[in-house]
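Chemist: Just need the structure, nothing else, for what follows:
(2 chains)
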Amino acid sequence: MSAAATESRRIGHDDPRGQRATTGSGRDGPASKRIIVGYGFWIFLLSDIVMFSAFFAAYAVLANATAGGPTGRQLFDLKSVAWETGCLLLSSFTSGLASIGAMLRSARIFQIAMAATFVLGALFLGLEIKEFAGLVAQGAGPQRSAFLSAFFSLVGCHGLHVTVGLLWLLTMMAQVWAKGFREDVQRRILCFNLFWHALDIIWVGVFTVVYLFGAGL
Amino acid sequence: MSEAQANSAQQGDLPPGEEGADDGGVHGAVISYLIGLVLAAGLSAASFLLPLTGLVYAPALPVALVVMAIAQMGVHLVFFLHITTGPDNTNNVLALAFGVLIVFLILGGSLWIMANLNQNMPSMTQIMQMQR
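Modeler: Residues are numbered from 1 along each chain as shown, chains lettered A, B, ... in the order given. Next up is the predicted model:
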């Protein structure tokens, strides 16, 4: 067989000189369950982000459709939003520390970091609920204008995700307490961390597009 | 290093959210999260303060804010989600690239089409007058 034919059969396979297997089920056989679970959850998160992009697009299109009602400039309180941003960013950091605790199999570090994450996440949620209640109280509820409908859908959807994340967080604390750092529990902790960090990424989009564009410009 | 990590390091693939085995262990992981926190906090603070300072020419503010938001998302991806350009991350990066493509199609496409519609269609009051 000619050298060229041998070469062509190798396309898409491992580089014979390479030190590592290619991605997927390369030289070393199928990937471990941790990789498959993490990758699958990553795909879910990306689809979640695609869903959020539709909410973002709807908001961006409707941002000026205030129907004579209040505009973002009149409604948004940037100081409260800055506090929310700080809480969520710090909670992302502490959940990272919790993942290090899980890596070390230290229940103490894990539980303390997760508790801090919960408190910061709950603070974020409390501030958001307070803001929503204030808006509804001054007649700027979601039924007032297309702008406010889009606002409540987008920010409320993110808030719902945070609520679900907080429930998941408590579940993980309970599972580590009851079952210890089993491999399946470790995989759930990995997925929870991905979820929590992804929520913070979406919040970066929210505070920029909704609050800073709406209030400052 | 946990059993799972040793396993994944040997296999040449990493799940998203997991640090590479050669990044210095626990110490390196904490440092990485700290760097991420400082960078993200700095970018957030800059986003909130920039409109107040007047340092940037006002019509350029939205672009500056979008640039900082994208930079902060990058910081989160690298330091918190550990999506890197390493060979153990190709699958994660490819999935991310596809996600970003769809997000830009949805956002850019919606804004583009709706802006054109607004420009090319008569306003709602005009339509109502025509129907009378």
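Chemist: Just the closest residue of chain B to chain A, please.
Modeler: B:Pro15 (2.4 Å; C-beta to the nearest C-beta). Yep, even glycine has a C-beta here, placed from its N, CA and C like the rest.
Chemist: what's the closest residue to that residue other than its chain neighbours in contact with, if anything?
Modeler: Spatial nearest neighbour of B:Pro15, chain neighbours left out: A:Gly38 (2.4 Å); criterion: C-beta to C-beta, 6 or more residues apart in numbering or on different chains. Residues in contact with A:Gly38 (C-beta atoms under 8 Å, 6 or more residues apart in numbering or on different chains) are A:Arg187, A:Leu190, A:Cys191, A:Leu194, B:Pro15, B:Pro16, B:Gly17, B:Glu18.
Chemist: element containing A:Gly38, please.
Modeler: helix A:33-62 (DSSP states H and E).
Chemist: Okay, buried residues for the following helix or strand past that helix please.
Modeler: Helices and strands here follow DSSP H and E; after helix A:33-62, the next one along the chain is helix A:72-75. Buried positions in helix A:72-75, judged by neighbour count with 16 or more other C-beta atoms under 10 Å in any protein chain shown: A:Gly72, A:Leu75.
Chemist: Just give the number of residues close to residue 42.
Modeler: As the question left the chain open, I've gone with chain A. 23 (other C-beta atoms under 10 Å in any protein chain shown).
Chemist: try chain B instead
Modeler: 13.
Chemist: Could you report the distance from it to B:Leu49?
Modeler: 10 Å (C-beta to C-beta, to the nearest Å).
Chemist: Listing request: residues of chain A with sub-threshold pLDDT.
Modeler: A:1-28, A:216-217 (pLDDT under 70).
Chemist: Which single residue in it comes nearest to chain B?
Modeler: Counting by C-beta to the nearest C-beta, chain A gets nearest chain B through A:Gly38, at 2.4 Å.
Chemist: where does the residue nearest to A:Arg73 when sequence neighbours are not counted land in three-state SS?
Modeler: Once flanking residues are discounted, A:Arg73 sits nearest to A:Ala215: 5.7 Å by C-beta to C-beta, 6+ apart. Three-state assignment for A:Ala215 (DSSP: H, G, I helix; E, B strand; the rest coil): helix.
Chemist: Tell me which residues touch A:Ala215, please.
Modeler: A:Gly72, A:Arg73, A:Phe76, A:Leu78.
Chemist: Try it again at 10 Å.
Modeler: A:Thr71, A:Gly72, A:Arg73, A:Gln74, A:Leu75, A:Phe76, A:Asp77, A:Leu78, A:Val81, B:Pro51 (C-beta atoms under 10 Å, 6 or more residues apart in numbering or on different chains).
Chemist: In the chain, which helix is the longest?
Modeler: Since you didn't name a chain, this refers to chain A. helix A:146-179 (DSSP state H).
Chemist: wrong one, I was asking about chain B
Modeler: helix B:90-120.
Chemist: in chain B, which spans are helices?
Modeler: B:3-11, B:25-53, B:61-75, B:90-120, B:124-131.
Chemist: In JSON lines: the ones you listed, plus mean pLDDT.
Modeler: Output for those, formatted as JSON lines (pLDDT from 0 to 100):
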{"stretch": "helix B:3-11", "mean pLDDT": "47"}
{"stretch": "helix B:25-53", "mean pLDDT": "91"}
{"stretch": "helix B:61-75", "mean pLDDT": "94"}
{"stretch": "helix B:90-120", "mean pLDDT": "92"}
{"stretch": "helix B:124-131", "mean pLDDT": "79"}
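Chemist: Throw those into TSV and include distance to chain A, thanks.
Modeler: Listed next are these as TSV, based on distance: least, C-beta to the nearest C-beta, whole Å:
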stretch	distance to chain A
helix B:3-11	5
helix B:25-53	4
helix B:61-75	4
helix B:90-120	4
helix B:124-131	10
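Chemist: now these as JSON lines including distance to A:Tyr59?
Modeler: JSON lines is the format used below for those (distance: least, C-beta to C-beta, whole Å):
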{"stretch": "helix B:3-11", "distance to A:Tyr59": "39"}
{"stretch": "helix B:25-53", "distance to A:Tyr59": "18"}
{"stretch": "helix B:61-75", "distance to A:Tyr59": "15"}
{"stretch": "helix B:90-120", "distance to A:Tyr59": "10"}
{"stretch": "helix B:124-131", "distance to A:Tyr59": "20"}
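Chemist: A:Thr66 is nearest to which of the ones you listed?
Modeler: Of all those, helix B:124-131 sits nearest to A:Thr66, with 13.8 Å by C-beta to C-beta.
Chemist: Which single one of the contacts of A:Ala215 is nearest to B:Phe79?
Modeler: A:Val81 (22.9 Å).
Chemist: Does that closest one touch A:Val206 like I think?
Modeler: Yes: using C-beta atoms under 10 Å, A:Val81 is in contact with A:Val206, at 9.0 Å.
Chemist: who has more neighbours, the two?
Modeler: Of the pair A:Val81 and A:Val206, A:Val206 is the one with more neighbours under other C-beta under 10 Å, namely 25 against 22.
Chemist: and the helix or strand containing the more buried one, what other elements does it pack with?
Modeler: Secondary-structure assignment from DSSP H and E places A:Val206 in helix A:183-206. When contacts are defined as 3 or more C-beta pairs under 10 Å, 6 or more residues apart in numbering or on different chains; DSSP states H and E, helix A:183-206 packs onto helix A:33-62, helix A:78-103, helix A:107-137, helix A:146-179, helix B:3-11, helix B:25-53, helix B:61-75.
Chemist: I am finished for the moment; much appreciated.
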